[in-house]
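1. pasting the structure only:
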């Protein structure tokens, strides 16, 4: 027996209410061919039968689960086979289910190459392969209804999945369930989508859940109600989205159009921070710094971490021994920085196991990303923001101090002719937050600020008067370390600009 068929791959039962909701999204005939690609214990087959669908095929690789379904649904076509190996000669009108979610590295060996051959990357998940295979097995005009993690909307390594979906049809319905607790022991950021395999793309109906504190039965009931009445309710927002399939990342948020703009990368340098790869030895407390000699203390620099970003201003810092790659040997390190060397020597074996770039030594930093840029522009005003943030408001934070960025922040260094306070005020606005979400910046209950998304962010070409108002209010917050009513004034100013078209169109 193959390794992959001995035990289920990430089998997690789907709540019956959710399976029933998904079956309710089918608009095909009751006699059209339907496939459940990994039927597990048959919850989707059960719901299909309850809603009077008759032409049902279930595929299950695991022998024990296959026998369970074969006995329970003896009148249906239950097949003991790997869905990823199904012949593409036999296509289906509907494919519906909850595919397994398991990263490539955690898959059985025999399954890995199969998944790689479909997704063309080893930085993948088996559910990516299930989506691609399902699209290929759909008939023209067919419907694919899956519940899966949201990550394929933005993950760099899911680009192939997005391309295949974009080339073959459109999302008719997306139900964004955020991190609602649907699966026992698991809290993935989950969506239900209905994809139609057609040439002509149409608009997408999007439902977004308003709270994670709800039960599967409420999710199903309120989602169906919202779809039937075509409006929001107490649990779901409802809107129509013109889905941008060509975008690098996808989003379930309403679109926000900005017509006259500069990319942030045109106004500022945007870069990732530096990564030591072993903070345990490189990050130093003040009492430890005192044990270093004068030459060693010259290599200790203040850094900003996400925790220091308070929104508008920086509070505090941390200290790192910044060892650049000019130190070529362990002997040189010991000679130049003997006290620091003695501190890190006991960690040598663990530090050797870190991933290091080519020619990197065990005592080097893992990634001195943008080091020369930061060193040369240490005196410049800098805006830092945490790369991953659960805060309900943006935390772009300005400093004029000579601080380096750690690996958990993104750095924005405005160019000389750009007002840092204008950028600070706009980036901290709720308007920018909603705009950023609409372009793929949301990760469950968190915001993910990436170099790519921020660099490409559209900064409106406000009139000079509007920019001065935003800058003035941001400066008040920065100087007074108090938000008072300044945030609200910035928000009102931005909204007024869009209502009255107060932009520089040149």
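-> All right, it came through fine. No experiment lies behind these values; they were computed from the predicted model shown. Numbers count the residues shown, from 1 in each chain.
2. The closest residue in space to residue 201 that isn't next to it in sequence - how many residues pack around it?
-> Among residues not flanking residue 201 along the chain, residue 170 sits closest, at 4.1 Å (Cβ to Cβ, 6 or more residues apart in numbering). The way it works is simple: take the backbone N, C-alpha and C, and place the C-beta from them, glycine included. For residue 170, the neighbour count with other Cβ atoms under 10 Å is 19.
3. ok, now residue 331?
-> 10.
4. swap in residue 85?
-> Using other Cβ under 10 Å, residue 85 has 10 neighbouring residues.
5. how about it, phi and psi?
-> phi -100, psi 0 (degrees, to the nearest 10).
6. Now it: closest residue in space, sequence neighbours ignored.
-> Here the residue nearest residue 85, using Cβ to Cβ, 6+ apart, is residue 114, at 7.4 Å.
7. Ok, residue 381 next?
-> Residue 381 sits nearest to residue 420 (Cβ to Cβ, 6+ apart), 4.4 Å away.
8. Pull the contacting residues for the one you found.
-> By Cβ atoms under 8 Å, 6 or more residues apart in numbering, residue 420 lies in contact with 381, 383, 398, 414.
9. same question, residue 235
-> Residue 235 makes contact with 209, 210, 211, 214, 218, 219, 222, 223, 226 under the criterion Cβ under 8 Å, 6+ apart.
10. So which of those residues sit within strands?
-> Mapping the contacts of residue 235 onto strands (DSSP state E) picks out residue 209.
11. among the contacts of residue 235, which are in helices?
-> 218, 219, 222, 223, 226 (DSSP state H).
12. what separates the longest helix along the chain from the chain centre, distance-wise?
-> In the chain, taking DSSP H as the definition, the longest helix is helix 464-480. Centroid displacement of helix 464-480 relative to its chain, using Cα atoms, centre = their mean, to the nearest Å, is 31 Å.
13. Let's see if you can find the most crowded of the contacts of residue 235.
-> Highest neighbour count within these, by other Cβ under 10 Å: residue 223, with 26 neighbours.
14. My read is that that one contacts residue 175, right?
-> Yes - in this structure, residue 223 is within contact of residue 175 by Cβ atoms under 8 Å, at 5.6 Å.
15. The closest residue in space to residue 464 that isn't next to it in sequence: how many residues sit nearby?
-> By the measure of Cβ to Cβ, 6+ apart, the closest residue to residue 464 outside its immediate chain neighbours is residue 504, 7.4 Å from it. As a burial measure, residue 504 scores 12 neighbours (other Cβ under 10 Å).
16. For the residue nearest to residue 201, name its beta-bridge partners.
-> residue 196 (DSSP bridges).
17. what's the answer for the one 4 residues further on, then?
-> When assigned by DSSP bridges, residue 174 has beta-bridge partners residue 193, residue 206.
18. Show the contacting residues for it.
-> Neighbouring residues of residue 174 by Cβ under 8 Å, 6+ apart: 191, 192, 193, 194, 204, 205, 206, 207, 241, 252.
19. Pick out the most distant pair among the residues you listed.
-> Using Cβ to Cβ, the pair of those lying farthest apart is 192 and 241, separated by 15.2 Å.
20. before we move on, back to that, same list as before, the contacts of residue 420 that is, but in JSON lines and with neighbour count and pLDDT included.
-> Converted to JSON lines, the contacts of residue 420 look like this (neighbours: other Cβ atoms under 10 Å; pLDDT from 0 to 100):
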{"residue": "381", "neighbour count": "19", "pLDDT": "98"}
{"residue": "383", "neighbour count": "25", "pLDDT": "99"}
{"residue": "398", "neighbour count": "26", "pLDDT": "99"}
{"residue": "414", "neighbour count": "21", "pLDDT": "98"}
